[in-house]
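Visitor: just the structure for this:
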Amino acid sequence: MLITTGPFALTKHPMYVGMGLILVGESILLGSLVTFLIPIIFIVCIRKLFIPFEERTLKTWFPDEYKQYEQKIQWWN
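Guide: The predicted structure follows:
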């Protein structure tokens with residue numbers, strides 16, 4: 001069953017968004033511009049390595065449901 005409610009109604013990847021926000025928050029608390037490289041690196045790695053694999057898998061397991069969900073939720077493609 002493809003879950004499309006709760007945080008998944010806002011973004012396709014709520015866990016990654018949460019992790020990214022935590023990293024940005026820590027960078028703000030540390031107060032150094034260099035620490036902002038960590039969330040940027042995190043986002044690039046997630047976007048290039050994990051999200052494509054997960055989306056291919058979801059398209060295979062839930063072809064019709066995921067297609068509708070993908071059209072509805074566009075955030076962080």
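Visitor: other SSEs contacting the helix of greatest length in the chain?
Guide: Taking DSSP state H as the criterion, the chain has its longest helix at helix 14-30. When contacts are defined as 3 or more C-beta pairs under 8 Å, 6 or more residues apart in numbering; DSSP states H and E, helix 14-30 packs onto helix 37-45. Every C-beta, even on glycine, is put in place using the N, C-alpha and C of the backbone.
Visitor: center of the chain - which residue?
Guide: residue 13 (3.4 Å; C-alpha atoms, centre = their mean).
Visitor: and that residue, how far from residue 7?
Guide: According to C-beta to C-beta, to the nearest Å, residue 13 and residue 7 sit 9 Å apart.
Visitor: ditto for residue 45
Guide: 21 Å.
Visitor: before we move on, what about residue 36?
Guide: 25 Å.
Visitor: could you do residue 27 as well?
Guide: 23 Å.
Visitor: which one's more surrounded, these two?
Guide: residue 27 (18 against 13; other C-beta atoms under 10 Å).
Visitor: and that one, what does it touch?
Guide: Residues near residue 27 by C-beta atoms under 8 Å, 6 or more residues apart in numbering: 35, 36, 38, 39.
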